[in-house]
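Undergrad: Generate a structure from the sequence data that follows.
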Amino acid sequence: MDSSRIHSVGPLINLNVGGKRFSTSKETLTWVTDSFFSSLLSDRISSFQDEKGYIFIDRDPKLFRCILNFLRTKEVDNYEIDVKALKREAEFYGIHPLVSRLTVCEELERSSCGDVLFHGMLPSPSLPRPSLDDNSQNETFSEQLSLAPAEGKSLGDPHKVLLITGHNSWIAVAYSHCVLCYKVKESCGWQQVFVSPYLPDRVRRVAINAKVQGMAPDSKTRMVAAAFSSTIRLWSFQDDVTFAEIGTFDMAARIDALFFIGSQLVSTGRSASRAGGRVGVWNAVSQHWQAQDVVTLTSYDTAGSFLLLGGVNGAIYYIGMCTIKD
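TA: Have a look, this model is predicted:
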């Protein structure tokens, strides 16, 4: 292929797909990385041109119109077209985000979800197993795998999603004994970027902060926390599988809620030592954890950088998180 002919038309790329001509931009064709088009336009795939200099692709032009419109809008139009055939074309062109959405469409055709529109689907991941030097935990884990599906013990199934929460373009998912985090990337959909070690206790709460300020000079640092009965474990991680455990904190209370306000991790619960409530805060800047007894809490919410707590005594506590000191 004479690449000079491609660039001679400026920002436009001219294609002849199955005898029908299309014109679009290089940016439209190549925003999905490692696709057929990125390889084609970098000369990693050989091609031919028709008499007008259009790059010839011997595929179905009707299906390609759907492919091109998805690349332009990042949306799946409601075409009266064979979903399986379109999915095959998307697989041929390497348009992975479209393949993911069409896979969901195929599932909908076999389900009773009606016209509910799903954006995508994440398959069940590979979950961490207990350490090999802990035989008792290994036996328990094996029993869960073998007994839960057979006896319908869904609470003991380690593959059951217990909790899910999101922040910006990130989500954190809690299974029985681990926590996973995903980030959505425009070019390839949801990607797993963090998996915790095997956690011997059952996860009861989970929280994620995708934009931590003041903790470290690396702006890509994220945090995810998991709560058990009265204990919190907190990790930081990057855009890959590398991570570090920040610490383990004791609430001395049964944890009812776990969430971030800015760069501070907040937990609320019921005191184990006496009647009443308890609030715990970890500050990302000072790296300090503190917990305090309060009246029994009946509700909570956030308002910007403020924490709102409703008490059993009728009072409403309005706490400015930025004013909390060590």
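Undergrad: quick one: the helices in the stretch 1-150 of the chain?
TA: Here the stretch 1-150 of the chain has its helices, by DSSP state H, counting those that start in this stretch, at 3-7, 26-30, 36-41, 61-73, 83-93, 96-109, 135-151.
Undergrad: give me the low-pLDDT residue ranges for this protein?
TA: 1-10, 78-79, 107-120, 131-156, 186-188, 212-220, 239-242, 272-273, 322-326 (pLDDT under 70).
Undergrad: Tell me how it divides into domains.
TA: Following the assignment in automatic domain parsing, the chain carries domains at 3-109, 201-323.
Undergrad: Only alpha carbons, please: show stretch 296-312 as CSV.
TA: Extracted in CSV, the C-alpha atoms of stretch 296-312 (Å, rounded to 0.1, in the frame of the first residue of the first chain):
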residue,chain,number,x,y,z
THR,A,296,-26.4,6.0,69.0
LEU,A,297,-26.5,7.0,65.3
THR,A,298,-29.7,6.6,63.3
SER,A,299,-28.6,8.0,59.9
TYR,A,300,-25.8,9.7,58.1
ASP,A,301,-25.0,11.5,54.8
THR,A,302,-22.4,13.8,53.3
ALA,A,303,-22.6,17.4,52.0
GLY,A,304,-19.4,18.4,50.2
SER,A,305,-16.6,18.1,52.8
PHE,A,306,-19.1,17.9,55.7
LEU,A,307,-20.3,14.8,57.5
LEU,A,308,-24.0,14.8,58.7
LEU,A,309,-24.9,12.4,61.5
GLY,A,310,-28.4,11.9,62.9
GLY,A,311,-28.6,10.8,66.6
VAL,A,312,-31.2,8.8,68.5
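Undergrad: Now it: buried residues?
TA: Neighbour counts over stretch 296-312 (16 or more other CB atoms under 10 Å) mark 297, 300, 307, 309, 311 as buried. For the C-beta atoms, the positions are set from N, CA and C on the backbone; glycine is no exception.
Undergrad: Let me have the domains of the chain in a markdown table, adding distance to residue 190 as columns.
TA: Output for those, formatted as a markdown table (distance: least, CB to CB, whole Å):
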| stretch | distance to residue 190 |
| --- | --- |
| domain 3-109 | 8 |
| domain 201-323 | 13 |
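Undergrad: still on that earlier bit, keep only those of the buried residues of stretch 296-312 that are in strands.
TA: 297, 300, 307, 309, 311 (DSSP state E).
Undergrad: Now the fourth one: closest residue in space, sequence neighbours ignored.
TA: Spelled out, it's residue 309. Leaving out its chain neighbours, the residue that sits closest to residue 309 by CB to CB, 6 or more residues apart in numbering is residue 317, at 4.0 Å.
Undergrad: show me the contacts for the one you found.
TA: When contacts are counted by CB atoms under 8 Å, 6 or more residues apart in numbering, residue 317 touches 294, 307-311.
Undergrad: so residue 189 bridges to which residues?
TA: residue 185 (DSSP bridges).
Undergrad: how near is it to residue 82?
TA: Taking CB to CB, to the nearest Å as the measure, residue 189 and residue 82 are separated by 22 Å.
Undergrad: neighbour count winner among the two?
TA: residue 189 (20 against 11; other CB atoms under 10 Å).
Undergrad: coming back round to it: any idea which of the ones in strands among the buried residues of stretch 296-312 is closest to residue 237?
TA: Residue 237 lies nearest to residue 307 out of these, by CB to CB, at 25.2 Å.
Undergrad: Not counting its neighbours along the chain, what's nearest that closest one?
TA: Using CB to CB, 6+ apart, the closest residue to residue 307 is residue 319 (4.4 Å).
Undergrad: I'd say the one you found and residue 303 touch.
TA: No. With contacts defined as CB atoms under 8 Å, residue 319 does not count as touching residue 303, sitting 10.3 Å away.
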